[in-house]
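1. Everything below, folded, please.
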Amino acid sequence: MTIGEQFKRLRKERRLTLKEAAGDIVSVSSLSKFENGTSQLAADRFFLLLDRLNLDWDAFTPSRSDAPLPFLHRYLVAAQHADVQALAGILRQLPLANTNQRLLLHLTLHNHAPERFSVLARERKQAWSLLTHTTEWSLLLRLIALQLTGIIAMKDLEGLVKAFANQVQTPNTPQDHLNLANRAFLTASLRYIAAGQLDNAQETLGLIRQATVGDMGVEFQIACTKRLLMIYTPDKRIAVRGWQELAQLKALLNEVAAPDWTASWLPALEALAEAKRCGKEA
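-> Okay, the predicted model is just below:
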């Protein structure tokens with residue numbers, strides 16, 4: 001039985017129509033062809049469908065099989081939980097020939113644990129060259145771009161932001177593509193604020209957009225970043241209002257957000273706010 005046939009069986013067990021299962025992730029036609037074995041789905045779309053149906057990859061893997069899970073599945077799970085040990089384990093198992101996958105892991109490990117994992121200048125250059133010489137980015141390249149946003153030289157940050165924006169400029173860009181781009185734009189905005197480039201930060205925030213289904217985590221991060229910009233403005237009245245509204249947002253986050261939901265961005269944002277309060281250079 002193919003993966004598509006297994007998906008069809010599980011969908012029917014849940015009494016879902018093709019349209020209900022597909023949602024805004026893929027077209028009904030694409031899902032039908034996948035189930036019937038006449039075409040394949042991109043890995044990122046397939047995993048979004050699994051999330052939509054509350055399914056796990058294990059449902060498609062024979063219990064006695066020792067075959068490893070696909071790389072992107074293992075990476076996304078480990079990265080989502082900031083599991084440095086799991087990420088390092090994936091890296092150790094990868095053949096040296098898998099250069100782009102290894103590059104993604106090097107960048108991710110450095111971003112999560114810079115005191116333990118360094119990124120060489122040639123690796124940053126390799127990532128930047130890979131992105132600028134590829135017209136249409138795969139999920140792997142979008143993930144590399146997201147990780148590179150946090151460590152690329154400031155002189156190249158604007159170019160990376162524009163390149164990512166070009167990848168999601170079409171009106172029918174899927175939400176999962178937008179989510180990665182939005183996270184990159186938010187990371188870039190924080191870096192611009194830290195560098196005192198408030199106009200660039202504001203312009204980059206303006207690139208963020210949502211499709212039919214918004215990402216609440218991104219919405220909170222946008223709101224907090226906008227308040228941080230208010231805190232950094234020379235107008236004291238606006239700055240005071242920024243502090244007040246940021247405190248309100250953080251209180252709301254404490255009520256609704258899981259710890260790992262904000263771990264990738266809130267500490268950095270709070271550090272920038274505190275640096276401004278103390279009158280230090282951010």
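
2. mind checking how far residue 20 is from residue 238?
-> Look at residue 20 and residue 238: by C-beta to C-beta, to the nearest Å, they are 46 Å apart. Where C-beta positions appear, they are placed from N, C-alpha and C, glycine not excepted.

3. How about residue 134?
-> In this view, residue 134 and residue 238 are 41 Å apart by C-beta to C-beta.

4. Residue 19 now?
-> To residue 238, residue 19 is 47 Å away according to C-beta to C-beta.

5. which SSE is residue 128 in?
-> helix 121-132 (DSSP states H and E).

6. State the separation between that helix and the centre of the chain it belongs to.
-> 19 Å (C-alpha atoms, centre = their mean, to the nearest Å).

7. Can you give the contact residues for it?
-> Contact with helix 121-132 is made by 100, 103, 106-107, 137, 141, 144-145, 147-148, 151-153, 156, 159-160, 163, as judged by C-beta atoms under 8 Å, 6 or more residues apart in numbering.

8. If you count surrounding residues, which of residue 19 and residue 238 has more?
-> Using other C-beta atoms under 10 Å, the more surrounded residue of residue 19 and residue 238 is residue 238, with 13 against 10.

9. Could you look up the SS state of the residue nearest to that one when sequence neighbours are not counted?
-> Of all residues not flanking residue 238 in the chain, residue 230 sits nearest, at 5.1 Å (C-beta to C-beta, 6 or more residues apart in numbering). At residue 230 the chain is in helix, as set by DSSP: H, G, I helix; E, B strand; the rest coil.

10. list the contacts for the nearest residue to residue 160 once chain neighbours are set aside?
-> Counting by C-beta to C-beta, 6+ apart, residue 160 lies nearest to residue 152, which is 5.6 Å off, once chain neighbours are set aside. Residues in contact with residue 152 (C-beta under 8 Å, 6+ apart) are 124, 128, 160.

11. mind listing the helices for the stretch 101-250 of the chain?
-> Along the stretch 101-250 of the chain, counting by DSSP state H, counting those that start in this stretch, helices occupy 121-132, 139-149, 154-167, 175-194, 198-205, 216-231, 236-256.

12. JSON lines please, covering these and showing mean pLDDT and distance to residue 49.
-> Listed next are those as JSON lines, based on pLDDT from 0 to 100; distance: least, C-beta to C-beta, whole Å:
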{"stretch": "helix 121-132", "mean pLDDT": "92", "distance to residue 49": "27"}
{"stretch": "helix 139-149", "mean pLDDT": "93", "distance to residue 49": "14"}
{"stretch": "helix 154-167", "mean pLDDT": "94", "distance to residue 49": "22"}
{"stretch": "helix 175-194", "mean pLDDT": "88", "distance to residue 49": "11"}
{"stretch": "helix 198-205", "mean pLDDT": "93", "distance to residue 49": "31"}
{"stretch": "helix 216-231", "mean pLDDT": "87", "distance to residue 49": "20"}
{"stretch": "helix 236-256", "mean pLDDT": "89", "distance to residue 49": "26"}
